[in-house]
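S.K.: Generate a structure from the sequence data that follows.
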Amino acid sequence: MHSVEAAEPTGTYPFSFLLVPLMQFPKSIEEAHAAEFYQFLEKTQGLIRSPKLFELLCSFARILEFPWVAYHRQSGDEILKMVRCNPPAVSYPDEWQDHYAKMGYDRIDPIIKKSRKQADAFRWSEAHNDMIKTELERRFFEEAAAFGLRSGVSVPLHGPGGSFAIMSFARPSSCEPENKMVTYLKFAAVHFHLSVADFAKRVAGKCPELTPRERECILWVARGKSSWDIGRILDISENTVNFHIKNTTRKLDVSSRTVAALKAASLGIIEL
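M.R.: Numbers count the residues shown, from 1 in each chain. A predicted model of the protein is given here:
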């Protein structure tokens, strides 16, 4: 659920074939939403595993009056597990996140249950009508609304190898979103997910294996500590620290400890 900035642009938009048709709508709210979606794609081209990518997604969602966004990988292949979202890709109110975790709602969440059973985007009201079987599930929606999340749209993201993720957009209004709005949110969610997956696939074959001690040492380098400081923190000698850092720079194929720390963070080996 920390930051490494965007990589260089790497290709075309996943939805570039949609851009011309979207921009041909008559002048209306639909046209405005289409223009905003186009700008979202344009701004995020080449942004991979960067906090900026999630920030831009949230900005686009806010324009469609969905101030809260959450992206969760529930299960999946090992390649996607390598890629961490730093910071976590969740903008829900902290109070709701804490309450959700405290109540263990991940075990009974009707939205997750419905997402596992269908492929297309859906409104939360559909999950409320289709999936509620117990009093606890009913209370889930009531408490979400009490925390301000009164309606939403969720996008199931099923992939090969059993990979499964969900992108959800929530808002304080109980007003049901129109079909076109759901479509734009779905496109944006898939674009975000594909960007993360694309990065994961490209780094999977070149992500070196560091020992636990090497990861510890390079993490403290990333946090600005000297070899002497790291030795004191880990209760090992300065020479031993330098030994592990040297091995790390070699494995990462870089020439300095600073660049090694940056690369380790960008590959998801360490979390700052």
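S.K.: what's the neighbour count on Phe164?
M.R.: Residues near Phe164, counting by other Cβ atoms under 10 Å, number 19. To be clear about C-beta, it is placed using only N, CA and C from the backbone, and glycine gets the same treatment.
S.K.: Confirm for me that it is in contact with Leu157.
M.R.: Yes - here Phe164 reaches Leu157: they are 7.0 Å apart, a contact under Cβ atoms under 8 Å.
S.K.: Quickly note the distance from the closest residue to Met181 other than its chain neighbours to Ala188.
M.R.: Excluding its sequence neighbours, the residue lying closest to Met181 (Cβ to Cβ, 6 or more residues apart in numbering) is Leu64, at 5.6 Å. Note on Leu64: its distance to Ala188, by Cβ to Cβ, to the nearest Å, is 9 Å.
S.K.: what sits in contact with each of the two?
M.R.: Taking Cβ atoms under 8 Å, 6 or more residues apart in numbering as the contact definition, Leu64 and Ala188 share no neighbouring residue.
S.K.: pLDDT value on the residue nearest to Met181, please?
M.R.: Reading off the confidence values, Leu64 has pLDDT 92.
S.K.: What of Val155?
M.R.: 94.
S.K.: same thing with Thr211?
M.R.: 94.
S.K.: ditto for Asp120
M.R.: As predicted, Asp120 sits at a pLDDT of 91.
S.K.: can I assume it sits in a helix?
M.R.: No - counting by DSSP: H, G, I helix; E, B strand; the rest coil, Asp120 is not found in a helix; it is coil.
S.K.: Now do it against Met181, distance only.
M.R.: Distance from Asp120 to Met181, by Cβ to Cβ: 14 Å.
S.K.: Name the residue in these two with the higher neighbour count.
M.R.: The residue with more neighbours, out of Asp120 and Met181, is Met181; 18 against 8, by other Cβ under 10 Å.
S.K.: so the more buried one touches Ala61, yeah?
M.R.: No - the criterion here is Cβ under 8 Å, and Met181 misses it with Ala61 at 10.2 Å.
S.K.: What's the mean pLDDT across stretch 175-190?
M.R.: Average pLDDT, stretch 175-190: 90.
S.K.: Now it: buried residues?
M.R.: Residues 177, 180-190 are the ones in stretch 175-190 that count as buried (16 or more other Cβ atoms under 10 Å).
S.K.: before we move on, back to that, quick one: the residue nearest to Met181 and Lys186 touch, right?
M.R.: No - when contacts are counted by Cβ under 8 Å, Leu64 is not listed as touching Lys186 (11.6 Å).
S.K.: which one is Trp96 nearest to, not counting chain neighbours?
M.R.: Phe147 (4.0 Å).
S.K.: Per-residue pLDDT of that neighbour, please?
M.R.: Value for Phe147, per-residue pLDDT: 97.
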